[in-house]
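In: Sequence and computational prediction follow.
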Number of protein chains: 2
Amino acid sequence: METLALTALMNAAVPGATRVSRHPSKAPADDGCLCALARRLESLTPLAEQDRAALEALRGFVRSVPRNTVLMEQEGVADHALVVLAGFASRYKRRVSGRRQIVGYLVPGDFCDRGALHAYPLDHAIETLTDCRIAKVPRVAYLDLLGRHPRIALALQHARLAEEATTREWVVNLGMRSGLERTAHLLCELMERLESIGHASDGRYDLPLTQVDLADALGLSSVHVNRVLQALRRDGLISLQGRCLQILAPRQLQQLAEFEGGYL
Amino acid sequence: METLALTALMNAAVPGATRVSRHPSKAPADDGCLCALARRLESLTPLAEQDRAALEALRGFVRSVPRNTVLMEQEGVADHALVVLAGFASRYKRRVSGRRQIVGYLVPGDFCDRGALHAYPLDHAIETLTDCRIAKVPRVAYLDLLGRHPRIALALQHARLAEEATTREWVVNLGMRSGLERTAHLLCELMERLESIGHASDGRYDLPLTQVDLADALGLSSVHVNRVLQALRRDGLISLQGRCLQILAPRQLQQLAEFEGGYL
DNA sequence: CGCAGTATTGACGAAAGTCAATTGCAGTGG
DNA sequence: CCACTGCAATTGACTTTCGTCAATACTGCG
């Protein structure tokens, strides 16, 4: 049948934590939230019914992971792929001073397969920024999935290209944009990414990140991020109360950031 | 035989420009400089004799390209792979203001195959920064090469991972390091990369880049780059006369930059 | 010799970091 | 129900880094 290697490995399911402080992103933990992955992949390449079914079969690998949990160590070699199904995670590098630079956010539907699970050690770490639902797919099962479902493999390829493009856009963001523009750009990027998985609409989405989390991604101090956010509010571009972000003037915000969503 | 699709396409050879203002990087244009590519790939994965022979067969696609030539337009779809064999090129994005951010340097042995030539439009442009020798390999020939030489394909995979890691390191560089540290880090990175293809030794290499070229990569103004370079000279870390860079105190420079070469 | 592109210098201003204190807020335990 | 705790957000004062503008030197080349 479809999933022989999969079922053989599907004993790994673990209920996991239930404490929920910073946004479990959607329903608590009823389903595996695999819809986020499916929507993400379908936004890249059309899938067939059997592909969706194969994704459903990943349900057994899903578990809840509390906030600030290291999912993958720097220097470590990955023996499984990670898929974020709910919550936010980050790729980051640490300096000796202890400060970290976030080099990418992982939102629901994003994954880390180390370029289809090569044996090279990772150059960065991966950690949850909020409580998350994560699918931890063993190497064999993952490769099996790719082998049997070329459309999924293609979508993942495309996703990898998009992530590379996103990282380049971050370079531009850090290299040439002011704090204000930079922050605006990040908010636009997250808007698009969350919209594609149905986690945002009408310019509104749930932003479960700390100002420190934002600062570490934006290359700014958290104090400055605070001031920038206030400026964006004062100018009527956004409203941000608690974790609820509402983009009030999408056009102006994108213009300010020179945001071009095409790369995603 | 080895190269049927290749030979069928090898009418494409063009002598090309000969003017040489800023460093043709090595011998003028006698051989195809394919050694740089071979050395680069071998530094990632051991190759067999037949692999090296297949690389030699690319000679016909090599041509000279003058400085500041656009090799690939942003938004364009790649129908061929590019391999830099001599000289420096850059991946960059432009803002509406006209300013550019360089998101990566391409040195001899580096390539751009758009993730094995997918049909997605490129999110950035590629342009030579110096006079270059470039192999422009048509799609069919390139895929043929990959198909017939799994070791080469593997090496290119690895190279892609290394380039991704480098881009992430640039994010860290721009996000968390001062102008001084940032510049030091770039010089260390280039040192390692050029060393692996035999274009650097004893901490000395040829740096054919303008201070503006550096500034656009470092997210600094060219004026500030100038001052930073002077500081590095004043502190006895480097000597830079014309295009000849000599790293006088490798240890200190790496320490200043917190440079860890492992990601390359 | 003079041009054009680079490199260099000085003076000044704007952007962002640091330090340190204060406020706000949610969960905890009494 | 309320004080207590701990993290997150906010604010103010001051410093540092870096950008901008504009002028001046250099250098290879025609």
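Out: Nice, I can see it.

In: show me where chain A has helices.
Out: Per DSSP state H, chain A carries helices over the ranges A:4-9, A:34-42, A:49-56, A:114-117, A:139-148, A:150-176, A:179-195, A:211-218, A:222-234, A:250-257.

In: Of those, which is nearest B:Glu163?
Out: Set against B:Glu163 and scored by C-beta to C-beta, the helices of chain A come closest in helix A:150-176, at 8.6 Å. Just so you know, the C-beta spots here come from the backbone N, C-alpha and C atoms, and that holds for glycine as well.

In: quick one: is the closest one near DNA strand D?
Out: No: under the criterion of C-beta under 7 Å from any atom of the strand, DNA strand D is not reached by helix A:150-176; the shortest gap measures 8.7 Å.

In: what's the nearest residue to A:Leu220 once chain neighbours are set aside in contact with, if anything?
Out: Leaving aside its chain neighbours, A:Leu220 sits nearest to A:Gly179 (5.3 Å; criterion: C-beta to C-beta, 6 or more residues apart in numbering or on different chains). Counting by C-beta atoms under 8 Å, 6 or more residues apart in numbering or on different chains, A:Gly179 touches A:218, A:220, A:224-225, A:228.

In: how about the residues of chain A near DNA strand D?
Out: So chain A meets DNA strand D at A:210-212, A:222-223, A:226-227, A:229-230 (C-beta under 7 Å from any atom of the strand).

In: Which ones among those residues also lie next to DNA strand C?
Out: The subset of the residues of chain A next to DNA strand D within reach of DNA strand C, by C-beta under 7 Å from any atom of the strand, is A:Val223.

In: With distance to A:Asp144, neighbour count and pLDDT as extra columns, can I get the residues of chain A next to DNA strand D in TSV?
Out: Output for the residues of chain A next to DNA strand D, formatted as TSV (distance: C-beta to C-beta, whole Å; neighbours: other C-beta atoms under 10 Å in any protein chain shown; pLDDT from 0 to 100):
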residue	distance to A:Asp144	neighbour count	pLDDT
A:Thr210	38	16	97
A:Gln211	42	17	98
A:Val212	40	14	98
A:Ser222	43	15	98
A:Val223	49	10	98
A:Asn226	47	15	98
A:Arg227	50	14	98
A:Leu229	45	18	98
A:Gln230	50	11	98
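
In: Switch the residues of chain A next to DNA strand D over to JSON lines; also include distance to A:Gln74.
Out: JSON lines is the format used below for the residues of chain A next to DNA strand D (distance: C-beta to C-beta, whole Å):
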{"residue": "A:Thr210", "distance to A:Gln74": "21"}
{"residue": "A:Gln211", "distance to A:Gln74": "24"}
{"residue": "A:Val212", "distance to A:Gln74": "20"}
{"residue": "A:Ser222", "distance to A:Gln74": "23"}
{"residue": "A:Val223", "distance to A:Gln74": "27"}
{"residue": "A:Asn226", "distance to A:Gln74": "29"}
{"residue": "A:Arg227", "distance to A:Gln74": "31"}
{"residue": "A:Leu229", "distance to A:Gln74": "30"}
{"residue": "A:Gln230", "distance to A:Gln74": "34"}
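
In: Closest to A:Gln241 out of the residues of chain A next to DNA strand D?
Out: A:Leu229 (11.3 Å).

In: My guess is the closest one contacts A:Ala184. True?
Out: No: using C-beta atoms under 8 Å, A:Leu229 makes no contact with A:Ala184, being 10.2 Å away.

In: if we can go back for a sec, ok, and the most crowded of the contacts of A:Gly179?
Out: Taking other C-beta atoms under 10 Å in any protein chain shown as the neighbour criterion, A:Leu218 ranks highest of the contacts of A:Gly179 with 25 neighbours.

In: Quick check: pLDDT value at that one.
Out: If you check A:Leu218, the pLDDT there is 98.

In: Now stretch A:118-126: buried residues?
Out: By 16 or more other C-beta atoms under 10 Å in any protein chain shown, the buried positions in stretch A:118-126 come out as A:120, A:122-126.

In: end to end, how far does that stretch reach?
Out: 17 Å (C-alpha to C-alpha, to the nearest Å).

In: What's the mean pLDDT across it?
Out: On average, stretch A:118-126 scores 91.

In: Ok, stretch A:104-113 next?
Out: The pLDDT scores in stretch A:104-113 average 97.

In: now stretch A:141-153
Out: 96.

In: buried stuff in it?
Out: Using 16+ other C-beta under 10 Å as the test for burial, stretch A:141-153 gives A:141-146, A:148-149, A:151-153.

In: do stretch A:161-175 as well
Out: A:161-175.

In: Name the nearest of the residues you listed relative to A:Ser196.
Out: Nearest member of the buried residues of stretch A:161-175 to A:Ser196, counting by C-beta to C-beta, is A:Ala162, at 10.0 Å.

In: Could you pull up the residues touching the closest one?
Out: Neighbours of A:Ala162 in contact, by C-beta under 8 Å, 6+ apart: A:44, A:263-264.
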